[in-house]
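Participant: Just need the structure, nothing else, for what follows:
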Amino acid sequence: MDTKSQRLATIKRIIQTTHITSQEELLQQLISLGFHVTQATLSRDLKLLKVAKMPDGKSSYRYHLPDATSLVNLSSSGKHSLDGFLSLEFSGNMGIIKTIPAFSHTIASAIDSTNPDSIAGTLAGNDTIFFVVREGYTPDDVKQALRKEFPDSIDKLF
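Facilitator: Modelled structure (predicted):
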């Protein structure tokens, strides 16, 4: 029963349904379910799944899967709002977005899902998103595209 795909699916299910605050907690749950896993393997699994520790709103942290719905919300204007967006800057045809640590993957995914013509693609680190501006587009075109999809988030920066 202990295949990698089964283990990854179980990790996702546990994180989605249980308030997990540490790798040790998650490891014990997996072991209790019959998985033979080490802390090192679990750590690699969490990295592969892009699991992040985020505030739970009660002065603690919990593990979250990087799905766009956790950080992308509808604002009062009916458009999307990105939590965790800190800054946006350009150098030639490249752009950098700074985020709160562990938010970049979800924000990059949300941007990619809007498929802006002006952005060729995104690459996310822990707190930084790198992107390339497509030929024929300017940084202002990118700002307008992002402002169209995420007005509350982008307007805070300018």
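Participant: Return the distance of Glu24 relative to Lys98.
Facilitator: 31 Å (CB to CB, to the nearest Å). Using the backbone N, CA and C atoms, a C-beta is placed for each residue, glycine as well.
Participant: now do Asp112
Facilitator: 18 Å.
Participant: Check Lys12 too.
Facilitator: 28 Å.
Participant: do the same with Lys4
Facilitator: On the measure of CB to CB, Lys4 and Lys98 end up 34 Å apart.
Participant: Show me which of those two is the more surrounded one.
Facilitator: Lys98 (15 against 11; other CB atoms under 10 Å).
Participant: in a helix, that's where the more buried one is, yeah?
Facilitator: No: judged by DSSP: H, G, I helix; E, B strand; the rest coil, Lys98 forms no part of a helix; its state is strand.
Participant: For it, give me its contacts.
Facilitator: By CB atoms under 8 Å, 6 or more residues apart in numbering, the contact set of Lys98 is Leu86, Ser87, Leu88, Asp127, Thr128.
Participant: where's the spatially most central residue of the chain, which helix or strand?
Facilitator: By CA atoms, centre = their mean, the chain has its centre lying nearest to Thr106, at 2.1 Å. Using DSSP states H and E, Thr106 sits within helix 104-114.
Participant: Quick one: mean pLDDT over the helix or strand just after that helix.
Facilitator: Note on helix 104-114: by DSSP H and E, the next helix or strand toward the C-terminus is strand 119-124. The average pLDDT for strand 119-124 rounds to 94.
Participant: any idea which helix or strand comes after strand 119-124?
Facilitator: strand 128-133.
Participant: what's next to that next one, contact-wise?
Facilitator: 90, 93-99, 104, 107-108, 111, 118-124, 139, 141-142.
Participant: Could you list the alpha-carbon positions for that strand in PDB?
Facilitator: This file holds the C-alpha atoms of strand 128-133, laid out as PDB (Å, rounded to 0.1, in the frame of the first residue of the first chain):
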ATOM      1  CA  THR A 128       9.900  36.000  -5.400                       C
ATOM      2  CA  ILE A 129       8.200  35.500  -8.800                       C
ATOM      3  CA  PHE A 130      10.300  36.000 -11.900                       C
ATOM      4  CA  PHE A 131       8.500  36.600 -15.300                       C
ATOM      5  CA  VAL A 132       9.400  37.600 -18.800                       C
ATOM      6  CA  VAL A 133       7.400  40.300 -20.700                       C
END
